[in-house]
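Peer 1: Sequence and predicted structure below; questions after.
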Amino acid sequence: MNGIRIEGLCKDYRLGRTVVRALKSVDLEIKSNSFVCVAGPSGSGKTTLLNMIGLIDTPTSGSVRVGGTDIQALSERLRTRYRNRTLGFIFQTFNLLPVLSVYENIHLPLILHRELSKQEKHARVMELVEAVGLDEHLRHKPFELSGGQRQRVAIARALVTHPLIVLADEPTANLDSVTGNEVLELMERINRTRGTTFLFSSHDPSIMQRAARIIRLHDGKVEAA
């Protein structure tokens, strides 16, 4: 089981002499196989919360447990394994490698999966390339793609390892409504068939309508869950 349990989570950022508290004693439990949206205005702490679960940032206090394990206590080797085996990331800024093609960017997370054959890795990449509609752009570099196409590459890359948890920060922000709905349908299908937990940070009404649960943040606090 890879449920997420968050207790007393606080995050402070120091800006000169000022301390900004991005998260204020957040307590949450997110069960395995969930399809959850974290909603709230800009500055409410949505992205900070995802970054804590993704080990991108460190809490000032409190804990994040995934599958009962305190992820902040993991060694660097186990942190790398956690990110690569348990998590899939979809960043608002794409984070694609500009020197790699669409195929190579999607394939990249599979390098550490030595248990998969070359053929299995290729099949996974091609399955997702087709699912996100990028068949004709396999050899293109990110700078040759539109913002929506780059977002679809980022989504395929996040899903290629068959992660247990996907953290998605505004995943439909750069997509038109048709493509956005197609991508959300793909994620719903993966949630149903593989039991993958999806945790979205988003204002998008189409995501909020599909979510089984909406967690609302305001000024770093949970307003409703």
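Peer 2: Perfect, I can see it now.

Peer 1: Just the residues contacting the helix or strand containing residue 166, thanks.
Peer 2: Here residue 166 is covered by strand 165-169, with elements defined by DSSP states H and E. In this structure, residues lying in contact with strand 165-169 by CB atoms under 8 Å, 6 or more residues apart in numbering are 2, 4, 46-47, 50, 53-54, 66, 86-92, 155, 158-159, 187, 196-202. (Each C-beta comes from the backbone N, C-alpha and C, glycine too.)

Peer 1: how about it as PDB, C-alpha atoms only?
Peer 2: Taking C-alpha atoms only, strand 165-169 is exported to PDB below (Å, rounded to 0.1, in the frame of the first residue of the first chain):
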ATOM      1  CA  ILE A 165       2.000   7.900  -7.300                       C
ATOM      2  CA  VAL A 166       1.800  10.700  -9.900                       C
ATOM      3  CA  LEU A 167       2.300  14.300  -8.800                       C
ATOM      4  CA  ALA A 168       0.900  16.700 -11.400                       C
ATOM      5  CA  ASP A 169       1.400  20.400 -11.000                       C
END
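
Peer 1: For this protein, which segments count as strands?
Peer 2: Ranges of strands in the chain, per DSSP state E, are 4-15, 18-30, 35-39, 61-66, 69-70, 87-90, 165-169, 197-201, 213-218, 221-224.

Peer 1: re the thing from before, please compute how far the strand holding residue 166 lies from its chain's middle.
Peer 2: The gap between the average C-alpha position of strand 165-169 and the chain average comes to 2 Å, counting by CA atoms, centre = their mean, to the nearest Å.

Peer 1: Can you give me the buried ones in that strand?
Peer 2: 165-169 (16 or more other CB atoms under 10 Å).
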